[in-house]
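Enquirer: Predicted coordinates and the sequence they were generated for:
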Amino acid sequence: MKFKGFMILIAGLMFLPMLNANAQEVKSDDILGIWLNEDKDAHVNIYIENDKYYGKIVWLKDPIDEETGKPKLDDENNDESLRDRPVMGLLLLRDFEFDGDDEWEDGKVYDPKNGKDYSCYMEFPDEDDKNKLKVRGYIGFSLLGRTTYWTRVE
């Protein structure tokens, strides 16, 4: 009888690693690719350069300014010398580092709609779904800020 119980225990232990098989580990490069912002008016390409993560606008729903007929400019920027640069190709995300676990942190996000920079971190709200990205911009500490969710395009 003891032998039968021992065999059941061994069989159970063999299947134990499979219980966690569906949980996916977040890898640093999981964030790479093209993302659609929450307003659905821009695509941002997140890429890596020198072990840091950056994001650049690669598509705009309305790239042309209706009033001028020219490409939209970063005209809300707090720095007047930058207000003549095009929004297309603008660097929105910069200097993010992967924390080795599940978050890209210590970066900055630029909001061209108000011309301001914010501290920022990014993470997958559901580690099993790498097609939705939480982007949290904040001032000072992360309790004072705004969260937006982006969807993977490719």
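Expert: In hand now; what should we look at?

Enquirer: Could you pull out the strands in this structure for me?
Expert: 33-36, 42-49, 52-60, 91-98, 103-111, 116-123, 132-138, 145-152 (DSSP state E).

Enquirer: Can you list the strands that the fifth one pairs with?
Expert: Spelled out, it's strand 103-111. strand 91-98 (antiparallel), strand 116-123 (antiparallel) (DSSP bridges).

Enquirer: need the ones you listed in JSON lines with mean pLDDT, can you?
Expert: Formatted as JSON lines, the strands paired with strand 103-111 follow (pLDDT from 0 to 100):
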{"stretch": "strand 91-98", "mean pLDDT": "98"}
{"stretch": "strand 116-123", "mean pLDDT": "96"}
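
Enquirer: In JSON lines, list those strands along with mean neighbour count and distance to E67.
Expert: (Glycine included, C-beta is placed from N, CA and C.) Shown next, in JSON lines, are the strands paired with strand 103-111 (neighbours: other CB atoms under 10 Å; distance: least, CB to CB, whole Å):
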{"stretch": "strand 91-98", "mean neighbour count": "19", "distance to E67": "23"}
{"stretch": "strand 116-123", "mean neighbour count": "19", "distance to E67": "23"}
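
Enquirer: closest one to K72 among the strands of the chain?
Expert: With CB to CB as the measure, strand 52-60 is the member of the strands of the chain nearest K72 (6.8 Å).

Enquirer: Against which helices or strands is the closest one packed?
Expert: Counting by 3 or more CB pairs under 8 Å, 6 or more residues apart in numbering; DSSP states H and E, the packing neighbours recorded for strand 52-60 are strand 33-36, strand 42-49, strand 91-98, strand 103-111.

Enquirer: returning to that earlier point: in TSV, list the strands paired with strand 103-111 along with distance to R85.
Expert: Below are the strands paired with strand 103-111 laid out as TSV (distance: least, CB to CB, whole Å):
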stretch	distance to R85
strand 91-98	10
strand 116-123	15
